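**Student:** Next one to model:
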Amino acid sequence: MNILFGVDIGGTQIKIGSFSEKGELLDKWAVDTDLSDQGKRIIPAVAGEIRKYASEHQIPMDRIAGIGMGIPGPVDKDGYVKVCVNLNWRDFNPVTEMEKELPGVCAAAENDANLAALGEYYCGAGKSASSMMLVTLGTGVGGGIIIGGNIISGSHGIAGEIGHITPHIEEHEKCNCGNTGCVDQFASATGMVRIMKKLLKSGEVESVLTMEEDFSAKDICTCASKGDPGAKKCLEICMGALGEALSVFSHAFDPEIYVIGGGVSKAGQIIIDAIEQEYDKHFFLIEKGAKITLAALGNDAGIIGGSILAAKHAGLK
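**Tutor:** Numbering: from 1, shown residues only. Next up, the predicted model:
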């Protein structure tokens, strides 16, 4: 039996999954990310984990059909990464490095949100759709586009970067990208906390969070679900920014479904309702736009997508 590996490389942890040729998840585990030496120890560490797994399960190396890796940043079609701040990489190609570590094994790399999108498309919430966009709401806002089963990366690997669309909301603070008023500044977990603090400081809203010195996006969502007026206003602003941005994407490539994932999405339907409300306000060309729903695979989306990417590159899918 041939084995595939899906690898989701994050700045804190590396998630690894082993899969059968048919796509069945056999095992999964995580290891800490070693960011020392400009991140040059990351790929050897992943290769070491794969060698160890193969040895423990008596799998010959020529039975490893492929490895698909998710990278938290833009990746070009050859696997080249110009810069990945989270991993300390600059002018680095994880594919060629992995193939040096494991000669004869087919390796491939993609942006991590794109891989998660691939996982949701084939095995999750987008399973029955012809086209889909995954939007991940975490520390930042990421996105991945799948059309006809293929990742749409764009010429420079930045297609689907919905976090850096600028909706019509007045904003004076700069985003990390250098622009002003990006979706990332509102719909991310950090963005939600920032907006809630601004609302509380203005004195225009009432909220139980006024009494809290520190709170999270999860706290905001919990309070909003209980009817807290300030938290509800925050959610309306933050998810409204995303809803408007999704309407822009619909006019650009008209996906059948938007799948909302990431840590913030764990708040559930209250997030979807707030997104839909603003999406519907800005989408006019046809009566009904894309379906908006919650992701289904949770933290496994990246490794599942990685196994699918590996299968595609190995000619198995």
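**Student:** Domain map for this structure?
**Tutor:** Domains of the chain are assigned by automatic domain parsing as 3-111, 125-296.
**Student:** want to throw those into CSV with mean pLDDT and distance to Leu309?
**Tutor:** To be clear about C-beta, it is placed using only N, CA and C from the backbone, and glycine gets the same treatment. Shown next, in CSV, are these (pLDDT from 0 to 100; distance: least, CB to CB, whole Å):
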stretch, mean pLDDT, distance to Leu309
domain 3-111, 95, 3
domain 125-296, 92, 8
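**Student:** right, and those - which one's nearest Gly315?
**Tutor:** The closest of the domains of the chain to Gly315 is domain 3-111. By CB to CB, the value is 8.6 Å.
**Student:** How about the spatially most central residue of the chain: what's its closest non-neighbour residue?
**Tutor:** In the chain, the residue lying closest to the centroid (CA atoms, centre = their mean) is Ala113, at 3.3 Å. Counting by CB to CB, 6 or more residues apart in numbering, Ala113 lies nearest to Gly142, which is 3.6 Å off, once chain neighbours are set aside.
**Student:** can you confirm that neighbour is in a strand?
**Tutor:** Yes. Gly142: assigned to a strand according to DSSP: H, G, I helix; E, B strand; the rest coil.
**Student:** contacting residues around it?
**Tutor:** Residues in contact with Gly142 (CB atoms under 8 Å, 6 or more residues apart in numbering) are 111-113, 135-136, 160-163, 262.
**Student:** swap in Gly181?
**Tutor:** Per CB under 8 Å, 6+ apart, neighbours of Gly181: 166-167, 169-171, 175.
**Student:** Pull the most distant pair out of those.
**Tutor:** Every pair of those checked by CB to CB; the farthest is Glu170 and Cys175, at 14.2 Å.
**Student:** And the two? Which one has more around it.
**Tutor:** Cys175 (19 against 6; other CB atoms under 10 Å).
**Student:** Do I have it right that Lys174 meets Thr180?
**Tutor:** Yes. Assessed by CB atoms under 8 Å, Lys174 is found in contact with Thr180 at 5.5 Å.
**Student:** any idea where the strands of the stretch 151-300 of the chain begin and end?
**Tutor:** Secondary structure of the stretch 151-300 of the chain, counting by DSSP state E, counting those that start in this stretch: strands at 257-261, 291-294.
**Student:** Distance to Gly48 and mean neighbour count for the ones you listed - can I get that in TSV?
**Tutor:** As requested, the strands of the stretch 151-300 of the chain are exported to TSV (distance: least, CB to CB, whole Å; neighbours: other CB atoms under 10 Å):
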stretch	distance to Gly48	mean neighbour count
strand 257-261	29	26
strand 291-294	36	18
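**Student:** now those strands as TSV including distance to Phe215?
**Tutor:** Listed next are the strands of the stretch 151-300 of the chain as TSV, based on distance: least, CB to CB, whole Å:
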stretch	distance to Phe215
strand 257-261	22
strand 291-294	23
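**Student:** number of nearby residues for the closest residue to Val193 other than its chain neighbours?
**Tutor:** Nearest residue to Val193 in three dimensions, chain neighbours excluded: Ala217, at 6.0 Å (CB to CB, 6+ apart). A count of nearby residues for Ala217, using other CB under 10 Å, gives 25.
**Student:** residues contacting Ala217?
**Tutor:** So Ala217 contacts 189-190, 192-193, 263-264 (CB under 8 Å, 6+ apart).
**Student:** Could you report the distance from it to Leu25?
**Tutor:** Using CB to CB, to the nearest Å, Ala217 is found at 29 Å from Leu25.
**Student:** Among the domains of the chain, which comes closest to His313?
**Tutor:** Closest among the domains of the chain, using CB to CB: domain 3-111, at 4.2 Å.
**Student:** Kindly check the end-to-end length of that closest one for me.
**Tutor:** Domain 3-111 has an end-to-end distance of 22 Å (criterion: CA to CA, to the nearest Å).
**Student:** bridging residues for the residue nearest to Gly268 when sequence neighbours are not counted?
**Tutor:** Closest residue to Gly268 apart from its sequence neighbours, by CB to CB, 6+ apart: Leu294 at 6.9 Å. Assessed by DSSP bridges, Leu294 has beta-bridge partners Ile260.
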